[in-house]
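Visitor: Please work out how this folds:
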Amino acid sequence: MKRVVFTIALCLVASVSFAQKKNVSKAQSLVRGSQPNIAEARTLIKSALENAETKDDPKTWYVAGYIEDQQYNTEYVKQTLGQTFDEKTMYDALLQVYPYFMKAYELDQLPNEKGKVKPKHTKNIKSILATDHLSYFNGGAYYFGVKDYQKAYQMFNQYLEIADHPMFKGEKTAERDSNYYTVQYYAAVVATQLGHETAIKALERAKNNNGNYENEIYQTLASEYEAVGDTVNFAKTLEEGVQKFPNEAYYLLNLINIYINTDRHTEAINYLNTAISKDPKNVQLYDVMGRVYEMMKDYNNAEVYFNKALEINPEYIESIANLGRIYYNQGVTQQGDANMIDDAKKYQEELAKAKELFKKALPYFEKAHKAKPDNRDYMTALRGIYYNLNMGAEFDAIEAEMNQ
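Guide: Down below sits the predicted model:
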């Protein structure tokens, strides 16, 4: 009795399997011709994709992709003939073709029971993808236009993956033409809407495309690395940018900032000299050079570069205030040294030197304060100078101003 039941069960399994294979063929036939029944074909193939007996059959996946391609073509023909068509339906279908076909292709390359690889669907897959290839470009543009950035990114990526696929090696579909590099760029642009990790991956892929967008790609990639705090790759990208785009100030100035912020003063000075040689009238570069020397406590060179900035623009407030600051800070240091001296005469001599430095700083901070009366740093410096020079009335006035 048990043996009979078991035999019946086997027959039922075989029957279900046979039915699923028939459904795959039926689904394919439903979408052929001028009036395809997409909905019923999708229902049939969905069941076959989930069935244990047919889910590993390359034909199942090929037909799934074929159905979506027929849906795409139905709308595409309407568009070509100037008829009313559903653009979303068209590109939503196209977006499904490639994943189905890739699964079919993968299974189609497996050896049969005799150990031989005899693909049955690869030729058709190649033909359809080659025919549709440019439409993936258009589909990405469509999704970008409706702000569906995830699908736009997927569509652009599928365009690139088709071109990169080994099955197209040496064929026209694999050419690295202007469309290919433009799609790389568009994919990178869309990726910036999908988070830093996705953006970095897409920008790295696109950065060496030798196209018109390379400079923009490098700058965006650098900013993405900066946004995630990856200072190593931020600096690396800037260094590459300096080499590729020597006339672009963005890379040089940001690289200089990195070197300054990491106390790599020698590198900062070298790059600043390069920048100044390219733009000798840029007052900001001289001012930054002065600050670097100030950080190194090389006040003589700091003074030289702040003055060079003022030779170009006598009203450049930053350099005016910076000159005042180096005199003021030296005065504070000198005063501190004087306070350590026990000999009264020597103390007075050293204190007098400190006062001279405060006097030297005074006109610079007064001019800076006049230009930017709300700047607290300028007011604080003036208060310290007035106090140390015993300028009581001026001290009271700046105190009142600060208290407001």
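Visitor: Where does the prediction get shaky in the stretch 151-300 of the chain?
Guide: Within the stretch 151-300 of the chain, the stretches with pLDDT under 70 are 210.
Visitor: quick one, helices of it?
Guide: Using DSSP state H, counting those that start in this stretch, the helices of the stretch 151-300 of the chain run over 178-191, 196-206, 214-227, 231-244, 249-261, 265-278, 283-295, 299-312.
Visitor: would you turn those into TSV with mean neighbour count?
Guide: For glycine as for every other residue, the C-beta is placed from the backbone atoms N, C-alpha and C. Below are those laid out as TSV (neighbours: other CB atoms under 10 Å):
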stretch	mean neighbour count
helix 178-191	21
helix 196-206	20
helix 214-227	20
helix 231-244	17
helix 249-261	18
helix 265-278	16
helix 283-295	21
helix 299-312	17
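Visitor: now those as CSV including distance to Ile162?
Guide: Formatted as CSV, those follow (distance: least, CB to CB, whole Å):
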stretch, distance to Ile162
helix 178-191, 10
helix 196-206, 15
helix 214-227, 22
helix 231-244, 29
helix 249-261, 34
helix 265-278, 43
helix 283-295, 48
helix 299-312, 55
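Visitor: nearest to Tyr364, of these?
Guide: helix 299-312 (9.4 Å; CB to CB).
Visitor: Quick one: list the elements packing against that closest one.
Guide: helix 283-295, helix 317-338 (3 or more CB pairs under 8 Å, 6 or more residues apart in numbering; DSSP states H and E).
Visitor: In JSON lines, list those along with distance to Asp132.
Guide: Converted to JSON lines, the helices and strands packed on helix 299-312 look like this (distance: least, CB to CB, whole Å):
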{"stretch": "helix 283-295", "distance to Asp132": "52"}
{"stretch": "helix 317-338", "distance to Asp132": "58"}
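Visitor: out of those helices, nearest to Tyr259?
Guide: That would be, of the helices and strands packed on helix 299-312 and by CB to CB, helix 283-295, which comes in at 8.5 Å.
Visitor: now that closest one against helix 317-338, angle please.
Guide: Helix 283-295 runs at 10 degrees relative to helix 317-338, counting by axes from the mean of the first three to the mean of the last three CA atoms, to 10 degrees.
Visitor: quick check, distance from helix 283-295 to the centre of its chain.
Guide: 30 Å (CA atoms, centre = their mean, to the nearest Å).
Visitor: same question, stretch 138-152
Guide: 18 Å.
Visitor: Please name the nearest non-neighbouring residue to Ile38.
Guide: Gln71 (4.9 Å; CB to CB, 6 or more residues apart in numbering).
Visitor: Sorry, slip of the keys, the one I care about is His369.
Guide: Per CB to CB, 6+ apart, closest to His369 is Tyr378, 4.4 Å.
Visitor: ok now do the one you found, which residues does it touch?
Guide: 321, 365, 368-369, 372 (CB atoms under 8 Å, 6 or more residues apart in numbering).
Visitor: Adding distance to Leu81, write those out as CSV.
Guide: Putting the contacts of Tyr378 into CSV (distance: CB to CB, whole Å) gives the following:
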residue, distance to Leu81
Ala321, 71
Phe365, 77
Ala368, 72
His369, 75
Lys372, 68
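Visitor: Which of those residues fall in helices?
Guide: Under the assignment DSSP state H, the contacts of Tyr378 contribute 321, 365, 368-369 to helices.
Visitor: Looking at those residues, state which has the most neighbours.
Guide: Phe365 (28 neighbours; other CB atoms under 10 Å).
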